[in-house]
Structure formats: C-alpha cells, structure tokens
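[1] Give me coordinates for this.
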Amino acid sequence: MMGRKLHRRVVRDLLTFFGRGSAFTASQNSAFFQSGNDLILIDCPMSSFHRLKEIGPEQLTGTKVSTIRVIVTHTHGDHIGGIPMLIHYCYYVYHIPVVVIAPSEEVRKDLSFFFDRLEGCHGYNLILAEMQADIIQAVIPTRHSPELDGRCFGYLLSVNGRSVIYTGDTGTLAPFLPYLEDGSADVLYTEASMFHSPVHLYLPEMMDRLTSLSAQGIEIYLMHIDDETLMLDEIRGTALRFAPLYHSERKELSMNLNSEKMLSDIFTVSENLYAHMSSDTGGDHSGIFEHLTTLGRILAEADRASFWKWDKGNHTLWTTAATGTERITIPDTTGLVGKALKEGRVIVTNDPYNDPDFNSAVDKKTGYVTKSILVMPVANIKGEYIGAYQVINKLGGDGKFHEVEDCRKLSLAAVICGLALESDVFLEESYTDKLTKLKNRMGFFADFRKSYDLVIADPGRKLSLFICDIDKFKSVNDTYGHNAGDEVLKHVASILQNNTEEADGIYRWGGEEFIMIMTDADISKCAAKAESIRKQIEEAVCDACGYTIRHTMSFGVTEFDSEKTIEENISDADAKLYQAKESGRNRVIV
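    Numbers count the residues shown, from 1 in each chain. As a prediction, this is how the structure comes out:
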C-alpha cells in the first residue's frame, strides 16, 4: 500500500454519466467512456437511450464512432430497458454496429431470449465479457436482490489507462474490496443509498469504510443515488463526490458557452456592468446587483433569478435585484432563502409545491408556476453569510437544478455579488449613525443624489423638511451623564423612526439635531407631522441609567425651494429652528 501511486487525473478521463439516479428517478444510472473509436456504455436504461439519441454518438465523443459496446451488469429493466431501442436505432439510423457484453453465460442466455423476441433487433452481437479484455480486466460477482442471485455483477475496468471498480447494483462492497486494498484499482464507482434496504448499500453505514479507502488515495464516486440532497449532507467535508453527469462536462459546457446567444448575453451584461461602474451613479450599487443577477440567470440557464441581502439587524431578507419580480421583503426565518442561510448550505428543490419551506403566495398572486429552485448562500471574505442567490425554473435539459453542476456555473456571479454586497454593506455602514442607527449626514446627501433630486426636478411634486433639536440637551449630559444622554438620543431616534413613512427620510444631522424629509408633502403636511412628533416626545419618558428623564424638542419647517441649494434650504429650516428656540422652545415654527 505504501507504493500506491496517487492518481489525480481529472474526472473527464474516467466515467461520465447520462444519469446517476436509482430505478425510480427520471435519469437512471448509466455511464459511458471512450476506447479508441468505440463508445462504451455501462448498462442502457431507456432514459439513457433518449439522451444518446438527442446528442448523437459522434457529438458525444467528438469523433466517428466505429462500434457501440454495451456492458451489462444485470437484467433489471431500469438497466437494460433502452438496449433494444439502441440496437434498433443504430441499425436503421446511425448504421453503427452494437456489441452487447454479458458478464456470464446465464445472463447472455437471458439477454438472447429477450432480444430474439423483439421485432427490430437486427445487426447486433451478444458476447461474453471474457472476450473484451481491452476494457474488462475482471468480472466480479456480487449480491443484489434474491431473484438475481448468481446473475448480478460488477467489473474491474480499464478506462483510459486507469483501473476502475464499477460495482453496479449491489448490497455489499465485500467482493470489490480485495481489488481496492491490493492496489489493483484506484478508482471506485459505488452504488449508494440514503434509505436502508437489504438490496442496496446504505451510505451512512459505509462512510467509515469509504473515507478510509479515500485516505489511501482511492478516488470514490457515488452513483445509483436516491436522494442527492440528503447524500450531499452526508458526504460534506469528505473527498467523496457524486459521479459526474454529462451536462456538467467540458464538451457540453463548451457547446453552451460557445453558442452565439449565450456569449452575446454574457458580453452584454459585462458591457452594462462596465458602463454602470464608469458612470456618475456614486455609491448606488443597486444597478450592479441587477446586472450580476442577470449574469447568474444566464449562467445557470434559469428563467428567473434574484439576489437577496440578509439584514441581520432587522431579521429580514430583501431583494436588491429580482429579475421578473418586484422588490420583496420577508422575515429571515422563512422561505427557502431563509433556510439556506440558517443551515449554511445550498438548497435545491425540484418539486417546490410539495416543499413545506416554499412560499407559493407570490405564484398564486401572479399566476407564475415555479417548477424548480436553487438557493446558494453568499459569504463575505470572512466566511460569514451575508446574502443568497436564488435561481428559478431551469431551462432546457430535464428542467431540474442539479446542485453540483449548477452551483459550479453560478459560483462566478455569486462570488462577484458577494464582494459587491460586502462593499455595499461597508458603504451603508458609513452612511449610518452607529448610536441611533439612523442615516447620518453622508447618508442624507447620498439619498438626495439618488432620490430627492428627482422629486425636485418634477414641477408637479413637492418636497418639505424639518430640522429639530433636543431642548437643553447639554444639561441632560451635565446632570445625568453622557451615557444617559446617549439613551435620550436613541429614545428620540426611535420616536422619529416610528413616525417615518415609506416616502420619508429621517437622519441624524449631528449632535442632538435631526432632519426629516417628506416626499410629496407641502409645508402644512410637514408642519403637522412635526407637531405630532413634538407632542409624543413631550409626553414620553426616557428611562436611562436609572433616571426618569423628560425632555422636549424644537422644530423648524420649510418647503424645499428648487431655486436654492440643499444647504440654503436647510439653512432656511435652521433659521426657523432658531426662532423656536428663542421664543421659548418646545414648539414648531413654520
């Protein structure tokens, strides 16, 4: 064992799978590889025949195929159901000879009985595995279901210079271990199940053995899988991997990425991103998220995509960009996005209406039908989850998201989104007053550039504001201490925040001064809001540092004059505030 050479050749040199699912899945277990100009199939269920028919043998291999050879492990229908159609199609359409390889004489007779009684099975050869020494080093009897006793086999295969164990369907790993432990093979494709059964290998009970083999340098791939989500949790943190599917391999990825439309779409997103980042949009990142979300949708080949930000302070999740939907805010404990962030893992569901974590309310409201969802948590450079990518409804293929392959495609956009979001969070923190959690003066001017300038430019709309100040705040600090003064500031900020509507903006201007801007409000409406807040503060009590503190505020109100600068308008409001102070405090001056 000490002399074993640790191979780390890429998986594309080994087996690739049309499907790796169990008998009751849509894409049943079936693998292929190339030997010279021959295409070698390991079993051929009907789902694999349809896939091969869709792709074409020469498109699959990239060369002219001389012969298709089918290695049979056993005669369950989910493993050989597509072979008669393959024989029929190759004879009449492809004009490629088919060789069916049986592991034993008994299985050969069963297959002969089956094929001879089907109309259309012409031009094939049915031979024993011992006649295929170039690709089959050993036929390994194994145990599966009782009705297949003595007729179920795995193989030691020669695949592009590698020695590979392929277990087929089995309820025991024992027959294959000698080949792995003596160095005869250094790659293992093993059947694995997440449901206990006497005829299948139960993965949780195999983990110690498989991780031990992996530690010895054996590459291990799982196939004939019944529940990929549960299995992914089981193997997380180990070197065990899922058997690779064809649509994740280089050839099909190359076809997709070289398609004119996809390349054009990607270049368009890149161009828009560059234009946005070169524009004078300042600190507004929303456009960047929108472009990156579109990029993720293209790469994952999804109908819709959204990028969610996790506001941990408010315990909410909200979309900074949602392709095909309006902005949505939800509690961070709900939905598939909430579940993905809570559990720190990718969530895939290809049957959302039967998933208890899926919220179908939006679909019921809009009429949209969700068929498949993938949610990928997004982390910052510290490894802390700060948001999530969600793609909806896989386009093409089987219409389902596959965790490994689709996450691989989505990862580029997710990483860039994570970096942009981290920058966005940093920018947002710089706009936020740490004590009161209100936006600060920098946040005020940023909002003006982004939102309020548009209101001022529209002659049919009005913008009003008030500036307010805590009366005799210095005496609060002098009498009760600065910690108590901080509590009073937070108390005032809370009342102001509770009186802020969606179209309003509230800011800590500095010290004990605050500003509220009201969109689509004239001066009388703004004055009424100020008076309401003044009364609430007058009647409220602030419990701070063991003291009961009462305080009042003074207000100066003005309607925004578009002929004046921002600073001049604030100066007008500040002059009214000064009048309120000079005339006795605790009042609103318009």
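[2] from here on, contacts and neighbour counts on C-alpha atoms
    Noted.
[3] helix/strand/coil for the residue nearest to the spatial centre of the chain?
    Centroid-nearest residue in the chain, with CA atoms, centre = their mean: M376, separated by 2.3 Å. Put simply, M376 is strand when judged by DSSP: H, G, I helix; E, B strand; the rest coil.
[4] residue contacts, it?
    Applying CA atoms under 8 Å, 6 or more residues apart in numbering, we find M376 in contact with A340, R345, V346, I347, A388, Y389, Q390, C407, A414.
[5] Would you reformat the residues you listed as a markdown table and include secondary structure and neighbour count?
    Formatted as a markdown table, those follow (DSSP: H, G, I helix; E, B strand; the rest coil; neighbours: other CA atoms under 10 Å):
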| residue | secondary structure | neighbour count |
| --- | --- | --- |
| A340 | helix | 24 |
| R345 | coil | 15 |
| V346 | coil | 24 |
| I347 | strand | 19 |
| A388 | strand | 26 |
| Y389 | strand | 27 |
| Q390 | strand | 26 |
| C407 | helix | 18 |
| A414 | helix | 25 |
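[6] which one of the residues you listed sits closest to A530?
    The closest of the contacts of M376 to A530 turns out to be A388 (CA to CA; 39.5 Å).
[7] and which of the contacts of M376 is nearest to A580?
    Closest to A580, out of all of the contacts of M376 and judged by CA to CA, is A388, at 48.8 Å.
[8] residue contacts, the closest one?
    F307, W308, K309, W310, V337, A340, L341, V375, M376, P377, V378.
[9] could I get those residues as JSON lines with distance to K437 and pLDDT?
    Output for the contacts of A388, formatted as JSON lines (distance: CA to CA, whole Å; pLDDT from 0 to 100):
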{"residue": "F307", "distance to K437": "24", "pLDDT": "82"}
{"residue": "W308", "distance to K437": "21", "pLDDT": "86"}
{"residue": "K309", "distance to K437": "18", "pLDDT": "83"}
{"residue": "W310", "distance to K437": "17", "pLDDT": "84"}
{"residue": "V337", "distance to K437": "26", "pLDDT": "90"}
{"residue": "A340", "distance to K437": "28", "pLDDT": "91"}
{"residue": "L341", "distance to K437": "24", "pLDDT": "90"}
{"residue": "V375", "distance to K437": "30", "pLDDT": "93"}
{"residue": "M376", "distance to K437": "29", "pLDDT": "90"}
{"residue": "P377", "distance to K437": "26", "pLDDT": "89"}
{"residue": "V378", "distance to K437": "25", "pLDDT": "84"}
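[10] Highest neighbour count among the residues you listed?
    If you count neighbours using other CA atoms under 10 Å, the busiest of those is F307, which has 31 neighbours.
[11] Secondary structure of that residue: a helix, I assume?
    No - counting by three-state DSSP, one finds F307 to be strand, located in no helix.
[12] Kindly tell me how buried V72 is, as a neighbour count.
    For V72, using other CA under 10 Å, the count is 29.
[13] Was I right to think it contacts I42?
    Yes - because the distance of 6.2 Å satisfies CA atoms under 8 Å, V72 is recorded as touching I42.
[14] hang on, the earlier thing: among the contacts of M376, which one sits closest to F267?
    Distances from F267 to those, taken by CA to CA, are shortest for A414, at 17.4 Å.
[15] Identify the residues contacting the closest one.
    With CA under 8 Å, 6+ apart, A414 has these contacts: G296, M376, V378, Y389.
[16] separation between the closest residue in space to L240 that isn't next to it in sequence and E234?
    Closest residue in space to L240, ignoring its immediate chain neighbours: I220 at 5.5 Å, by CA to CA, 6 or more residues apart in numbering. I220 sits 14 Å away from E234, going by CA to CA, to the nearest Å.
[17] Name the residue in those two with the higher neighbour count.
    Counting neighbours by other CA under 10 Å for I220 and for E234 shows that I220 has the greater number, 22 against 15.
[18] The stretch 151-300 of the chain: helices as residue ranges?
    All helices of the stretch 151-300 of the chain, identified by DSSP state H, counting those that start in this stretch, fall at 177-181, 203-215, 228-235, 250-257, 260-277, 286-299.
[19] same question but for the stretch 401-550 of the chain, I mixed them up
    403-430, 441-447, 453-457, 473-480, 482-498, 523-539.
[20] and those helices, which one is worst for confidence?
    Mean pLDDT values for these show the minimum at helix 403-430, a mean of 75.
[21] Give me the helix or strand of this structure that scores worst on average pLDDT.
    helix 250-257 (a mean of 45; mean pLDDT, DSSP states H and E).
[22] what distance separates stretch 126-135 from the centre of its chain?
    Relative to its chain's centre, stretch 126-135 lies at 45 Å (CA atoms, centre = their mean, to the nearest Å).
[23] Oops, could you answer that again for stretch 375-387 instead?
    That offset, for stretch 375-387, works out to 11 Å (CA atoms, centre = their mean).
[24] number of nearby residues for the closest residue to V590 other than its chain neighbours?
    Nearest residue to V590, sequence neighbours excluded (CA to CA, 6+ apart): V557, at 4.9 Å. Using other CA under 10 Å, V557 has 28 neighbouring residues.
[25] which SS state does V557 fall under?
    Applying three-state DSSP: V557 is strand.
[26] And the pLDDT at it?
    On the pLDDT scale, V557 gets 97.
[27] quick one: contacts for it?
    Neighbours of V557 in contact, by CA under 8 Å, 6+ apart: 464-467, 523, 526-527, 530, 573, 576-577, 588-590.
[28] Go through these and flag which are in strands.
    S464, L465, F466, I467, V588, I589 (DSSP state E).
[29] Quickly list what the first one is bridged to.
    Beta-bridge pairing of S464, defined through DSSP bridges, involves M518, E559.
[30] which residues does G168 contact?
    T73, F153, G154, Y155, T190, E191.
[31] Also E538?
    R550, H551, T552, M553, N586.
[32] Top of these by number of neighbours, please.
    Highest count within these by other CA under 10 Å belongs to M553, 26 neighbours.
[33] Next, it: phi, psi?
    Backbone geometry at M553, expressed as degrees, to the nearest 10, gives phi -140, psi 150.
[34] Spatially nearest residue to it, not counting backbone neighbours?
    M553 sits nearest to I470 (CA to CA, 6+ apart), 4.5 Å away.
[35] Tell me the one among the contacts of A414 nearest to F195.
    Using CA to CA, the contacts of A414 come closest to F195 at M376, 26.0 Å.
[36] Quick check: the gap between the closest one and I416.
    Counting by CA to CA - M376 and I416 are separated by 13 Å.
[37] do Q497 as well
    Counting by CA to CA, the gap from Q497 to I416 is 33 Å.
[38] Please compare the two by neighbour count and tell me which comes out ahead.
    Using other CA under 10 Å as the criterion, Q497 and I416 rank with Q497 on top: 18 against 15.
[39] How about the contacts made by the more buried one?
    L438, I506.
[40] Got phi/psi on E130?
    The phi/psi pair for E130 (degrees, to the nearest 10) is phi -60, psi -20.
[41] and it, how many residues sit next to it?
    E130: 16 neighbours (other CA under 10 Å).
[42] How about P103?
    For P103, using other CA under 10 Å, the count is 25.
[43] Test my guess that it contacts V72.
    Yes - with contact defined as CA under 8 Å, P103 counts as touching V72 (6.7 Å).
[44] among the contacts of E538, which are in strands?
    Among these, the members falling in strands (DSSP E) are M553.
[45] Let me know the distance separating the nearest residue to T167 once chain neighbours are set aside from I80.
    Among residues not flanking T167 along the chain, G154 sits closest, at 4.4 Å (CA to CA, 6+ apart). Distance, G154 to I80, by CA to CA: 15 Å.
[46] now H74
    8 Å.
[47] Over to T334?
    In terms of CA to CA, T334 sits 44 Å off from I80.
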